[in-house]
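A.B. asks: Pasting the sequence and the predicted coordinates here, then a few questions.
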Amino acid sequence: QVQLVESGGGLVQVGASLRLSCVASGRTLSSYDIAWFRQAPGEERDFVGLIRWSTANTFYKDSVNGRFAITRDAAKNTVYLRKDSLKPEDTAVYFCAARQSDMWYLPHPSDYAYWGQGTQVTVSS
């Protein structure tokens with residue numbers, strides 16, 4: 001079992017930056033991918049990007065356009081999602097999720113076995 005806890009959400013202004021945290025516990029993460037998803041009201045859960053713990057390699061959804069960056073701190077067992085130039089359409093609940101790594105980078109929620117509770121980000125104009 002992997003337990004995930006997100007934090008760092010809140011109300012921010014358009015154009016601001018924000019860093020979300022995902023603290024993992026329960027298993028050694030060296031064989032896991034940690035992904036970020038977001039879900040706006042009335043919409044499906046959408047992939048943002050992921051980091052492969054063992055290599056720190058990252059993979060992003062194309063539409064992110066370089067505004068988002070995922071990093072990890074191995075000493076703190078924490079994955080971060082930094083978001084720059086926030087827009088109202090970035091308003092959503094942001095989730096981190098974990099799956100055991102394999103040869104693929106997978107963007108579908110159904111591929112992830114472990115989830116955090118989510119953290120709300122609201123971008124106000």
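C.D. replies: That came through fine. Numbers count the residues shown, from 1 in each chain.
A.B. asks: With adjacent residues omitted, what lies nearest to the residue nearest to the spatial centre of the chain?
C.D. replies: Geometric centre of the chain, nearest residue: W36, 2.2 Å, by CA atoms, centre = their mean. Setting aside the residues directly before and after it, W36 is nearest to V48 in space (CB to CB, 6 or more residues apart in numbering), at 4.2 Å. No exception for glycine: its C-beta is placed from N, CA and C like everyone else's.
A.B. asks: Check the burial of the one you found by counting its neighbours.
C.D. replies: 23 (other CB atoms under 10 Å).
A.B. asks: How about the contacts made by it?
C.D. replies: Neighbour list for V48: 35-38, 60-61, 64, 68, 70, 81, 94 [criterion: CB atoms under 8 Å, 6 or more residues apart in numbering].
A.B. asks: S101 too?
C.D. replies: Going by CB under 8 Å, 6+ apart, S101 touches 31-33, 52-54.
A.B. asks: again with V2
C.D. replies: If a contact means CB under 8 Å, 6+ apart, then V2 has 24-27, 29, 32, 98, 113-114 as its contacts.
A.B. asks: hmm, 10 Å instead?
C.D. replies: Counting by CB atoms under 10 Å, 6 or more residues apart in numbering, V2 touches 24-29, 32, 34, 97-100, 113-116.
A.B. asks: same thing with Q3?
C.D. replies: Listed by CB under 10 Å, 6+ apart, the contact partners of Q3 are 23-27, 98, 114-116.
A.B. asks: out of these, which are buried?
C.D. replies: Taking 16 or more other CB atoms under 10 Å as the criterion, what is buried in the contacts of Q3 is 23-24, 98, 114-116.
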